[in-house]
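[1] task: produce atomic coordinates for the following.
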Amino acid sequence: MRPKLVLVLASVLVLAACHSVKLPKLPLPTDLLPQSQPIRPLADARKTLKDATPCCTTFADFSYQQRLPWRPQRFELGPGSPVVAINGSRSYFLSFALPQDVKLPYKIGLKSELVGRSVTSGSYLFAPTVVQLDDAFQPIDSQDVKLCEYMGWTDNDSGAFGSVEVTSNRARYLVIYSSSKQQTDDTYWEQSASTFSTTSSTSTTPAATTMGGSYKIQHGPEGVVWVGLMDKTYKEAVNKAVCGKAPQGNGLLNALGADLGLRRRSP
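    Numbering: from 1, shown residues only. Alright, predicted model coming up:
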């Protein structure tokens, strides 16, 4: 952090302590961000999908009038969304016509939002399966997308990110649903953020509140998913996202010693 920025932040904290100056708004951890998606218990969400009547049983039944967005856009999947019964699974889905004027290969960015306000209280997310189809609506590629968590400064660049690549000039259409495997799996989620709280009734001094830990977020049948051609924000999030717990090391000094060819002396 640059010296000038450190001085500015220190001055703000001192003023807040002495004069009750309101602190600038800092980003909240992802699991505390407002949720626009209704918080429905996972068991209820699964029952609602089970009781829904499918509209389609083959990829040829879908409508492909909607074109893939030029950048990721937000879609809500849940009650009221069309349901497909295919490949042994029942799922809400999205379908798109792929652009034909984009140079191959290109990537499609995806993000799923957390349904729920706390990673420890029954939250879940929609995990996409992405199918690429040819002009006869026959699958040429199908992937259960692995989601990786990334926490940005806002809810727009925070969530569970993934991507798929389009490499075939035969690809004409795209279907996004959630396979049976995806719906019974989970996504690694890590919290390691600090935020400030000034809600103490005994002091105006801001207190740092630290949240940490790792969790497994269940996959559910509904939620918010973003999809569209990969843009810079999504590319950075995918590259920096956390996909699992880092392997346990022997410590920084040991790692440096190994890199330098040094041996640790016995005590």
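
[2] how about low-confidence regions in the stretch 101-250 of the chain?
    Scanning the stretch 101-250 of the chain with the threshold set as pLDDT under 70 gives 117-118, 120, 192-212, 247-250.

[3] make it 50
    193-210 (pLDDT under 50).

[4] helices of that one, start to end?
    180-183, 232-240 (DSSP state H, counting those that start in this stretch).

[5] quickly compare those and say which is most buried.
    helix 180-183 (a mean of 18; mean count of other Cβ atoms under 10 Å). For every residue, glycine as well, the C-beta is placed using N, CA and C.

[6] and the helices of the stretch 101-250 of the chain: which comes nearest Pro221?
    helix 180-183 (5.9 Å; Cβ to Cβ).

[7] report all helices and strands that the closest one contacts.
    strand 89-92, strand 207-220 (3 or more Cβ pairs under 8 Å, 6 or more residues apart in numbering; DSSP states H and E).

[8] let's see it at 10 Å
    Applying 3 or more Cβ pairs under 10 Å, 6 or more residues apart in numbering; DSSP states H and E, one finds that helix 180-183 contacts strand 89-92, strand 124-126, strand 129-133, strand 139-144, strand 207-220.

[9] can you redo the helices of the stretch 101-250 of the chain as a markdown table with distance to Ser121?
    As requested, these are arranged in a markdown table below (distance: least, Cβ to Cβ, whole Å):
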| stretch | distance to Ser121 |
| --- | --- |
| helix 180-183 | 20 |
| helix 232-240 | 25 |
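
[10] what's the closest of these to Ser163?
    Here helix 232-240 is closest among the helices of the stretch 101-250 of the chain (Cβ to Cβ), at 5.4 Å.

[11] which elements pack onto the closest one?
    By 3+ Cβ pairs under 10 Å, 6+ apart, helix 232-240 packs against strand 106-112, strand 148-150, strand 159-166.

[12] using CSV, write out every CA atom in the helix or strand Ala45 falls within.
    Using DSSP states H and E, Ala45 sits within helix 42-51. Provided in CSV are the C-alpha atoms of helix 42-51 (Å, rounded to 0.1, in the frame of the first residue of the first chain):
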residue,chain,number,x,y,z
LEU,A,42,-33.3,-26.2,-0.4
ALA,A,43,-35.8,-29.0,0.3
ASP,A,44,-38.7,-26.7,-0.8
ALA,A,45,-36.8,-25.7,-3.9
ARG,A,46,-36.2,-29.3,-4.9
LYS,A,47,-39.9,-30.2,-4.3
THR,A,48,-41.1,-27.3,-6.4
LEU,A,49,-39.0,-28.5,-9.3
LYS,A,50,-40.1,-32.1,-8.8
ASP,A,51,-43.7,-31.0,-9.0
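
[13] what average pLDDT does it get?
    In this model, helix 42-51 has an average pLDDT of 96.

[14] dump the helices and strands packed on helix 232-240 to TSV, plus mean neighbour count and distance to Thr48.
    Shown next, in TSV, are these (neighbours: other Cβ atoms under 10 Å; distance: least, Cβ to Cβ, whole Å):
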stretch	mean neighbour count	distance to Thr48
strand 106-112	22	18
strand 148-150	23	26
strand 159-166	23	22
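
[15] returning to that earlier point: can you tell which of the helices of the stretch 101-250 of the chain is closest to Phe126?
    Nearest to Phe126, of these and by Cβ to Cβ, is helix 180-183 at 8.6 Å.

[16] looking at the helices of the stretch 101-250 of the chain, spot the one closest to Asp101.
    helix 232-240 (20.2 Å).

[17] what's that closest one in contact with?
    Applying Cβ atoms under 10 Å, 6 or more residues apart in numbering, the contact partners of helix 232-240 are 71-72, 107-111, 148-152, 156-163, 226, 228, 230-231.
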